[in-house]
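*Asks:* 3D model of this:
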Amino acid sequence: MTAPTGHPGGTDRHVRAGEAAAGPYALDIGPGRAGWTYCSLRVLDLPPGGSHTFATGGSEWIVLPLTGGCTVRTEGETFALRGRDSVFRGVSDFAYLPRDGSAQIASGAGGRFALAGAKCERRLPARYGPAPEVPVELRGAGSCSRQVNNFAAADVFACDRLIAVEVLTPGGNWSSYPPHKHDEHRPGAESVLEEIYYFEIDGREGAAGGGDPGPGGAADDGVGYHRVSPSREGGTDLLVEVRGGDTVLIPDGWHGPSIAAPGRAMYYLNVMAGSGERAWLISDHPGHGWIRDTWPGQAVDPRLPLYTADAPAPPPGTAPAGGAGPADTAPAADRGAVRGDFR
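*Replies:* Residues are numbered from 1 along each chain as shown. The predicted model follows:
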C-alpha cells in the first residue's frame, strides 16, 4: 500500500518482487529505471551449475552472495566466494569489480547473488573481501536495536562512489530510526546520496527459512513496513508493506522507520552513491532525533548479534550462545568484531 500521495515520487518508488525482473536478473534497477544518476542493484539467481557473464560498463560493482557461493572471474583474477546459507545466518565474503571490464559469476550448487553498483570515474583494482574482516555493528538500543554488516561502508572498503551495508532488524523492532535524510550538500554535515533498500523477511522465529506455513497450514511469507516522508515540497512520500524481494528507491526524503513484524527478522541491503565526497553524512528528522538520547540508558536487544563475522547463526529453532550488549562486545578496533554504536 502507498501513503496518501499527491506527490510524484510516491507509488513508483516501491518496486515489488518480480516487477523489475529482466533477462537473468530477478531484479534489475539502474539509473534509467530509478530516474537518477549513480545507483544500481541487480539480483542474479543461478541454478546449480549455472553461470552468467556481464560487462561492468561505467560502473563499479560488488558481487555479494545472498544465498549460496560462487566463483567470480575478472581481470585475470579468480575469487572463490564461500557465501552463506542465508542473509539471516551469516556474514558473506564478496568481490569488487572495476568499471570498463567484464566478469563471470558461476555457481556449482546454485544461489542468489546481489550485484550492487555505482557509476564512477576511477578504475580501482578487482579485489576480494573476506567475511572475517567485515565489521559487525550493533546500532541503537532497546526496540530500536539492529545489526549492521558494514562490508562496504565508506570508512571500511575502498570504492570510488559505491557505499553498501546490510541491516538486520529483530522481529518487532524498528530500524532506520530516527528518520534521517541525505539529500542536501552541507559540507561536514550532510552528503547527497541516492539509496536503494532491498528487503528479505526471515522465517517465523523457531522455523527455518521464509514462507513457512502458519497455523492451520496457511501460507505465511512475512511482511514488514517502510516509511519515507517528504523533506521538501513534492518530495518522496511513501508508506509501504514490504515483502521478500521488494525494493524501495530513495532519491530524497526522511527515510525510516523500517519496521520488522513480531516474530520475523527483517533484512535489507542498502546501496548508496552520490556526486560528492564518498561519505555517509545524515541529518535526523527534527521531530524524532531525541530518541537517540534515550539509548545510552538501555541495553541492546539480547537477540543481537544474530551472528558475527566469524560465528554463523545457530540452526533455526536452537538457542543462540548468548546475546551481546555493549558490555560484552569485542574491541571496536578489531575488524570483524561486534561493535556497539548508539548513532
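*Asks:* for residue 251, list the residues it contacts.
*Replies:* 9, 13, 34, 35, 36, 183, 194, 236 (C-beta atoms under 8 Å, 6 or more residues apart in numbering). Just so you know, the C-beta spots here come from the backbone N, C-alpha and C atoms, and that holds for glycine as well.
*Asks:* of those residues, grab the buried ones for PyMOL.
*Replies:* A single PyMOL command selects the buried members of the contacts of residue 251 (16 or more other C-beta atoms under 10 Å):
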select buried, resi 9+13+34+36+183+194+236
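*Asks:* which of the contacts of residue 251 sits closest to residue 122?
*Replies:* For the contacts of residue 251, the minimum distance to residue 122 (C-beta to C-beta) is 18.5 Å, reached by residue 194.
*Asks:* in stretch 72-81, which residues are buried?
*Replies:* 72, 73, 74, 79, 81.
*Asks:* which other helices and strands contact the longest strand along the chain?
*Replies:* The residue-count maximum for a strand in the chain (DSSP state E) belongs to strand 59-74. On a contact count with 3 or more C-beta pairs under 8 Å, 6 or more residues apart in numbering; DSSP states H and E, strand 59-74 meets strand 39-46, strand 77-84, strand 94-97, strand 102-107, strand 111-119, strand 146-152.
*Asks:* in TSV: those strands, plus mean pLDDT and distance to residue 200.
*Replies:* As requested, these are exported to TSV (pLDDT from 0 to 100; distance: least, C-beta to C-beta, whole Å):
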stretch	mean pLDDT	distance to residue 200
strand 39-46	98	10
strand 77-84	98	12
strand 94-97	98	17
strand 102-107	98	18
strand 111-119	98	10
strand 146-152	98	13
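*Asks:* the closest residue to residue 111 other than its chain neighbours: what's it in contact with?
*Replies:* Nearest non-adjacent residue to residue 111, counting by C-beta to C-beta, 6 or more residues apart in numbering: residue 68, 1.9 Å away. Shown in contact with residue 68 (C-beta under 8 Å, 6+ apart): 46, 83, 84, 107, 109, 110, 111, 112, 113.
*Asks:* skipping its backbone neighbours, what lies nearest residue 42 in space?
*Replies:* residue 115 (4.1 Å).
*Asks:* shouldn't that neighbour be in contact with residue 65?
*Replies:* No: using C-beta atoms under 8 Å, residue 115 is not in contact with residue 65; the gap is 10.9 Å.
*Asks:* in stretch 182-195, which residues are buried?
*Replies:* 182, 183, 190, 191, 192, 193, 194, 195.
*Asks:* actually stretch 97-108, not the one I typed
*Replies:* 97, 98, 99, 101, 103, 105, 107.
*Asks:* same check, this time on stretch 44-61
*Replies:* 44, 45, 46, 50, 52, 54, 56, 59, 60, 61.
*Asks:* so the fifth one lies in a helix, does it not?
*Replies:* In this case it means residue 52. No: going by DSSP: H, G, I helix; E, B strand; the rest coil, the assignment for residue 52 is strand, not a helix.
*Asks:* quick check: bridge partners of it?
*Replies:* Beta-bridge partners recorded for residue 52 (DSSP bridges): residue 105.
*Asks:* which ones are touching it?
*Replies:* So residue 52 contacts 24, 44, 46, 104, 105, 106 (C-beta under 8 Å, 6+ apart).
*Asks:* at which residues are the helices of the chain located?
*Replies:* 31-34 (DSSP state H).
*Asks:* what backbone torsions are found at residue 121?
*Replies:* Per-residue torsions, residue 121: phi -110, psi -50 (degrees, to the nearest 10).
*Asks:* number of nearby residues for it?
*Replies:* Neighbour count for residue 121, taken as other C-beta atoms under 10 Å: 9.
*Asks:* what about the residue lying closest to it once chain neighbours are set aside, how many neighbours?
*Replies:* Nearest residue to residue 121, sequence neighbours excluded (C-beta to C-beta, 6+ apart): residue 160, at 6.2 Å. Residues near residue 160, counting by other C-beta under 10 Å, number 17.
*Asks:* residue 160 contacts residue 120, correct?
*Replies:* Yes: counting by C-beta under 8 Å, residue 120 is a contact partner of residue 160 at 3.8 Å.
*Asks:* which neighbours do those two share?
*Replies:* In contact with both residue 160 and residue 120: 60, 99, using C-beta under 8 Å, 6+ apart.
*Asks:* so who does the spatially closest residue to residue 100 that is not a sequence neighbour touch?
*Replies:* The shortest distance from residue 100 to any non-neighbouring residue, by C-beta to C-beta, 6+ apart, is to residue 123 (6.0 Å). When contacts are counted by C-beta under 8 Å, 6+ apart, residue 123 is found next to 98, 99, 100.
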